[in-house]
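# Model the structure of this input:
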Amino acid sequence: MRVLFTSRGSSGHVGPLAPFAHACLRAGHDVLVTAQRQFGGNVERLGLPLAPVDEPSRDEWMPLMGGFAGLDIDSAHRVMVGEFFAGLDVRAALPALGRLIESWRPDVIVRESWEFGSELLADRYEVPMLRVGLGLAGTEAETTELAAPALDKARAEIGLASDPAGERLHATPYMTMMPTELEDPATAVPAQTRRFRFEVNPGANELPDWWPGNDDPLVYLTFGSVAAGAHLPYYPDLYRAAIEALAPLAIRILLTVGDTEREIAELGGLPSNVHAETWVPHDDAARLADVIVCHGGFGSTLGALAHGTPLVVLPLFSNDQWANGEALARTGAGITVADDASERKVLDLPGPTTINELAGAVTAILNDPSYRREAVRVSEAMGALPPVDESVRFIEEIAGR
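This next block holds a predicted model:
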């Protein structure tokens, strides 16, 4: 069976798709993964075969980004999904993606939920389609709603029947690693939903002894793989502010800045209880940490909970980070400190009052065992889900095999 996986390719998008692609490879199926050329390295680093597609040109996206920085988080999210992901990205990718489907003839297409071009072409070429979620069911439903108008216009341009409300998108069979325990009970879940286990590395390594003779609680501070990038305004100011808020506590802090071109030296001198690295394996840190402080991204959040580690979430730049933080608070497995997403500008740093709440949130988790208890409860529920290798049967079923 030929399985085509489609993604924008940025790390937060291709990461949740990768386990399903590897599962198909282990089952002996042929796999290709599409991504924008600029993100091709993310696919190749995951050990997956790449089929690049085009990204929007600078002349196309620069006018859209001109006013982006002045938008609040909610407004920016609507623009990013409705105009960028479902508009510019789709128009750029469709030619190469269409040629690939015509020549390679996949038996089934599996897309991540913020890549939309393949959904149109699956309809055009009558190829069965599945979707892998990047977040909560509520986030997925909102994404479909925001993308539907632009995609309906694109459908008309390539001769497909109209779908103004995105009903065809909603109906796509859906796979996710998000456990039910994090979902909002008031949100309807897609009919054909399959949940699978968020896999962790059972052979996680011990961390080096960066704090000899100090056995204070370990706090892992990470804002994901992109926040320190040069295209965003967070590094080093946000990282420095978080260090200044947390370092006075009797804790050890392991900070990672991500695999970027930025230098750790930009942080300046660090307190003795703070150690910074470009990157450490998440499982190594999550298994040993007493608390993880992060931005509420998909991988960071589930990667902590899979180890039963409670979190403090400080959302940064994407609406789903606020949603994940709210879900965490519902479970009792952590605390979210956040600005109002309808007021903060998308590229502003979190306000100083919010950052100053980090110390109290970490202290509360360290002093109250209920947070760890609830995180372990979610971890056990995640561990009880079917392994991702069992997704292959679902993919084969949708493919008609």
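# And the helices in the stretch 251-400 of the chain, which stretches?
Applying DSSP state H, counting those that start in this stretch to the stretch 251-400 of the chain gives helices spanning 282-288, 298-305, 319-331, 352-367, 369-383, 391-399.
# Give me the neighbour count for Arg37.
Applying other C-beta atoms under 10 Å, we find 14 other residues in the vicinity of Arg37. For glycine as for every other residue, the C-beta is placed from the backbone atoms N, C-alpha and C.
# and it, what is it in contact with?
Neighbouring residues of Arg37 by C-beta atoms under 8 Å, 6 or more residues apart in numbering: Pro52, Val53, Asp54, Glu55.
# and the two most separated of those residues?
Considering C-beta to C-beta, no two members of the contacts of Arg37 lie farther apart than Pro52 and Glu55, which are separated by 9.2 Å.
# and Ala306, backbone torsions?
Recorded main-chain torsions at Ala306 are phi -60, psi -30, according to degrees, to the nearest 10.
# okay, and the common contacts of Pro52 and Glu55?
Counting by C-beta under 8 Å, 6+ apart, the common neighbours of Pro52 and Glu55 are Gln36, Arg37.
# Mind giving me the ChimeraX select for the contacts of Arg37, buried ones only?
The ChimeraX selection below is limited to those of the contacts of Arg37 classed as buried (16 or more other C-beta atoms under 10 Å):
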select :52,53,54,55
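# Which members of the contacts of Arg37 are positioned in strands?
The subset of the contacts of Arg37 located in strands under the criterion DSSP state E comprises Pro52, Val53.
# just the helices of the stretch 251-400 of the chain: most buried one?
Highest mean neighbour count of the helices of the stretch 251-400 of the chain: helix 298-305, a mean of 24 (counted as mean count of other C-beta atoms under 10 Å).
# what angle do that helix and helix 369-383 make?
An angle of 110 degrees separates the directions of helix 298-305 and helix 369-383 when computed by axes from the mean of the first three to the mean of the last three C-alpha atoms, to 10 degrees.
# Helices of the stretch 51-200 of the chain, residue ranges please.
In the stretch 51-200 of the chain, the segments counted as helices under DSSP H, counting those that start in this stretch are 58-66, 73-79, 89-104, 117-125, 137-157, 167-171.
# which helices and strands sit right next to the fourth one?
Using 3 or more C-beta pairs under 8 Å, 6 or more residues apart in numbering; DSSP states H and E as the contact criterion, the neighbours of helix 117-125 among helices and strands are strand 2-6, helix 89-104, strand 108-112, strand 129-132, helix 137-157, helix 167-171.
# hmm, try it at 6 Å
Based on contacts counted as 3 or more C-beta pairs under 6 Å, 6 or more residues apart in numbering; DSSP states H and E, the elements that helix 117-125 packs against are helix 89-104, strand 108-112.
# Ok, which of the helices of the stretch 51-200 of the chain comes nearest Phe5?
Ranking the helices of the stretch 51-200 of the chain by their distance to Phe5 (criterion: C-beta to C-beta) puts helix 117-125 first, at 9.1 Å.
# For the closest one, give the mean pLDDT please.
Averaged across helix 117-125, pLDDT comes to 97.
# quick one: contacts of it?
The contact list for helix 117-125, computed with C-beta atoms under 6 Å, 6 or more residues apart in numbering, reads Thr6, Val90, Ala93, Leu94, Leu97, Gly98, Ile101, Ile109, Arg111, Met129, Ala154, Leu160.
# can you give me the angle the helix or strand of the chain with the lowest mean pLDDT makes with helix 89-104?
For the chain, the helix or strand with the lowest mean confidence is helix 58-66, at a mean of 73 (criterion: mean pLDDT, DSSP states H and E). Angle between the axes of helix 58-66 and helix 89-104 is 140 degrees (criterion: the same axes, to 10 degrees).
# what about dumping the CA coordinates of helix 58-66 to PDB?
Only the C-alpha atoms of helix 58-66 are listed here, as PDB (Å, rounded to 0.1, in the frame of the first residue of the first chain):
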ATOM      1  CA  ARG A  58       8.000  36.300  -0.100                       C
ATOM      2  CA  ASP A  59       6.000  38.700  -2.300                       C
ATOM      3  CA  GLU A  60       2.800  36.700  -1.400                       C
ATOM      4  CA  TRP A  61       3.200  36.400   2.300                       C
ATOM      5  CA  MET A  62       4.900  39.700   3.200                       C
ATOM      6  CA  PRO A  63       1.800  41.900   2.600                       C
ATOM      7  CA  LEU A  64      -0.200  39.600   4.800                       C
ATOM      8  CA  MET A  65       2.400  39.700   7.600                       C
ATOM      9  CA  GLY A  66       2.600  43.500   7.400                       C
END
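# I'd like to know which elements that helix is packed against.
The contact analysis (3+ C-beta pairs under 6 Å, 6+ apart) places helix 58-66 against no helix or strand.
# Would you mind splitting this protein into its domains for me?
Residue ranges for the domains of the chain, per automatic domain parsing: 2-197+385-399, 218-383.
# Please determine how far the spatially closest residue to Asn214 that is not a sequence neighbour is located from Gly213.
Here the nearest residue to Asn214 in space, its sequence neighbours aside, is Arg252; by C-beta to C-beta, 6 or more residues apart in numbering that works out to 5.9 Å. Applying C-beta to C-beta, to the nearest Å, one obtains 11 Å for the distance of Arg252 from Gly213.
# So which of these two has more stuff around it?
Comparing Arg252 with Gly213 by neighbour count (other C-beta under 10 Å), the higher total belongs to Arg252, at 21 against 5.
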